[in-house]
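Trainee: Quick one, fold the following:
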Amino acid sequence: MARRALILLEGSRYNGPLYVQAAKQLGLHPIVLSADPDQYDYLGAEGIEAIRVDTADLDALIRECSRLHATYDIAGITSVGDSFYATVGKLCRHFDLPGPKPTSIEQCCDKFKQRHLLAEAGVPIPAYRLAADATEVESFAAEIGLPVIVKPAVGSGSRGVRLCRNVNELVEHTTYLLGGKHIWRSSPRILVEEFAQGPYYCAEIMGNEIIGISAADFGSPPHFVFREFTFPAGLTDDEHQRIADVSLSCLRALDLGWGQRVLNSGGRRVGQSSLKSIRALPARPILNWFIWLTVSISSPSTSSLPLGKNGICTEGIRRLRPRGSSFLIAMAPSIGSAATVERLPYPV
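Mentor: Okay, the predicted model is just below:
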């Protein structure tokens, strides 16, 4: 009988080892497909099978997965990073495996399309406009009213996202985005968005079930670098229900009915799946559940997880940037255990 394998598109220095360990715990053989496997030190350290392939080339990925299918029983295909999630969906469709709907992922990653769909569904969102050049950026910022958020219409990881509080900052950031310094992965389009200031919450969702809600704080503006996460957020029952309701309405509007999602509300955007935003949660039970879904294993309900609104498990993470440095120190204390400390690159 062929060995059951879990295909992972690319990896991650932070969450990649957790995916690998969760796959092994479920009796699966993890295989990582990467354009540069050498960048992930944990693959060699843990003896993980890694294959060099152009992960931006769907046809090359189909050929490689077809070759692997001759040796392994491919139980599922997924990715650690959300930037490959649309490709994951296309591969799952090709090989008749459970997975996300590619069109839903693609329209969700396009922030303008995402806002349009949410607005059509009646979800309250900040005012927004799509600009093609610097003149339109200035015009739309004046129409919405400063301060505004200016960001690439397509992208992730807060790259190119900045709060512009006055005209000088607006001109400076527009020049940065359109002047050749920002790396565009699609045609340059800029989203100009009303700055909705307030508390920031992340609804952690698996399938159509709310796992829990986190609270987060950012460092000093104008950039949006997470400084602190707390799970679960200190909410009243009414606040928890309101955030849960609007988060689930977002899923329906965006047609995101499968897998693991993180919906952000409050001061910034309603976003899409990634474990990067739930680093403060006990990751292994969540990942096990996600991989159960990925490989069509019957999964337990959320009641079996050490999570919840009041949380059997309460954790937090705080990120500190030493003065003058280009990295962050992440401290993640948890109840009943010592703090863990990580060195993270600082995204400027």
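Trainee: and the helix or strand hosting Val246, which residues are buried?
Mentor: Using DSSP states H and E, Val246 falls within helix 237-254. Buried residues in helix 237-254, counted by 16 or more other Cβ atoms under 10 Å: His240, Ile243, Ala244, Val246, Ser247, Leu248, Ser249, Cys250, Leu251, Ala253, Leu254. Quick note: C-beta positions are derived from backbone N, CA and C, even for glycine.
Trainee: Give me the average confidence score over it.
Mentor: For helix 237-254, mean pLDDT is 92.
Trainee: and it, how far out from the chain's middle?
Mentor: Helix 237-254 has its C-alpha centroid displaced from the chain centroid by 18 Å (Cα atoms, centre = their mean, to the nearest Å).
Trainee: So that it lines up with my notes, have the first residue be 803 from now on.
Mentor: OK, 803 is where the count begins now, so the last one is helix 1039-1056.
Trainee: That helix packs against which elements?
Mentor: Here helix 1039-1056 touches helix 904-911, helix 913-922, strand 1002-1008, strand 1011-1020, strand 1062-1067, going by 3 or more Cβ pairs under 8 Å, 6 or more residues apart in numbering; DSSP states H and E.
Trainee: mind checking pLDDT for Leu863?
Mentor: For Leu863, the model assigns a pLDDT of 98.
Trainee: can you check Thr857 too?
Mentor: Thr857 is assigned a predicted lDDT (pLDDT) of 97.
Trainee: On the three-state scheme, it is what?
Mentor: Recorded secondary structure, Thr857: coil (DSSP: H, G, I helix; E, B strand; the rest coil).
Trainee: nearest residue to it other than its sequence neighbours?
Mentor: Excluding its sequence neighbours, the residue lying closest to Thr857 (Cβ to Cβ, 6 or more residues apart in numbering) is Ala837, at 5.1 Å.
Trainee: same check, this time on Ile853
Mentor: That would be Leu835: by Cβ to Cβ, 6+ apart, it lies 5.3 Å from Ile853.
Trainee: again with His871
Mentor: Nearest to His871 is Phe897, by Cβ to Cβ, 6+ apart, at 7.4 Å.
Trainee: give the contact list for the one you found.
Mentor: Cys867, His871, Ile876, Ile879 (Cβ atoms under 8 Å, 6 or more residues apart in numbering).
Trainee: Closest one of the buried residues of helix 1039-1056 to Ala824?
Mentor: Distance to Ala824 across the buried residues of helix 1039-1056 (Cβ to Cβ) is lowest for Leu1053, with 23.4 Å.
Trainee: Helix, strand or coil: sort out the residue nearest to Ile853 for me.
Mentor: Recorded secondary structure, Leu835: strand (three-state DSSP).
Trainee: what's across from it in the sheet?
Mentor: Beta bridges link Leu835 to Leu811, Ile853, judged by DSSP bridges.
Trainee: was I right about it contacting Leu810?
Mentor: Yes: here Leu835 reaches Leu810: they are 7.1 Å apart, a contact under Cβ atoms under 8 Å.
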